[in-house]
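In: let me see the structure of the following:
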Amino acid sequence: MAQETTQLSQLVDEEANSRDTSGGKSNKKTKVTVYLTEEAEKAFAELYITRYRRDRKVDRSTIACEAIQALFEKEFG
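Out: Down below sits the predicted model:
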């Protein structure tokens, strides 16, 4: 699981670094409810803690958005 968490973290970081923010994308946020398995919740918490220690300006919503966008790119990119 630690390896999967590391890989997900790397994917999210790469996606965040490669994203072009000048494309005029909307920053409007929508509230959603997500039900996670215990394993997914632990991975999400590890991502949050890792980013918090590194940056301290971390938002769980940002992590979730980056993960969804990375999965979308993997599936359809």
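
In: please count neighbours and contacts with C-alpha atoms only from this point.
Out: Fine.

In: list the contacts of R60.
Out: Going by CA atoms under 8 Å, 6 or more residues apart in numbering, R60 touches Y48.

In: where does the prediction get shaky in the chain?
Out: Applying pLDDT under 70 to the chain flags residues 1-25.

In: how about the helices in it?
Out: 2-18, 38-55, 60-76 (DSSP state H).

In: CA atoms of the longest one as CSV?
Out: C-alpha atoms of helix 38-55 as CSV (Å, rounded to 0.1, in the frame of the first residue of the first chain):
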residue,chain,number,x,y,z
GLU,A,38,-10.8,2.3,4.7
GLU,A,39,-7.7,1.7,2.5
ALA,A,40,-8.6,4.7,0.3
GLU,A,41,-9.2,6.9,3.4
LYS,A,42,-5.7,5.9,4.8
ALA,A,43,-4.1,6.7,1.5
PHE,A,44,-5.9,10.1,1.3
ALA,A,45,-4.8,10.9,4.9
GLU,A,46,-1.2,10.0,4.0
LEU,A,47,-1.3,12.3,1.0
TYR,A,48,-2.7,15.1,3.1
ILE,A,49,-0.1,14.6,5.9
THR,A,50,2.8,14.5,3.4
ARG,A,51,1.7,17.7,1.7
TYR,A,52,1.0,19.4,5.0
ARG,A,53,4.5,18.7,6.2
ARG,A,54,6.0,19.9,2.9
ASP,A,55,3.8,23.0,2.3
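
In: taking helix 60-76 as reference, get the angle to it.
Out: When axes from the mean of the first three to the mean of the last three CA atoms, to 10 degrees is applied, the directions of helix 38-55 and helix 60-76 differ by 120 degrees.

In: what are the buried residues along helix 38-55?
Out: By 16 or more other CA atoms under 10 Å, the buried positions in helix 38-55 come out as A43, F44, E46, L47, Y48, R51.

In: before we move on, what about stretch 26-40?
Out: So, applying 16+ other CA under 10 Å, stretch 26-40 has no buried residues.

In: measure it end to end?
Out: Taking CA to CA, to the nearest Å as the measure, stretch 26-40 stretches 28 Å from start to finish.
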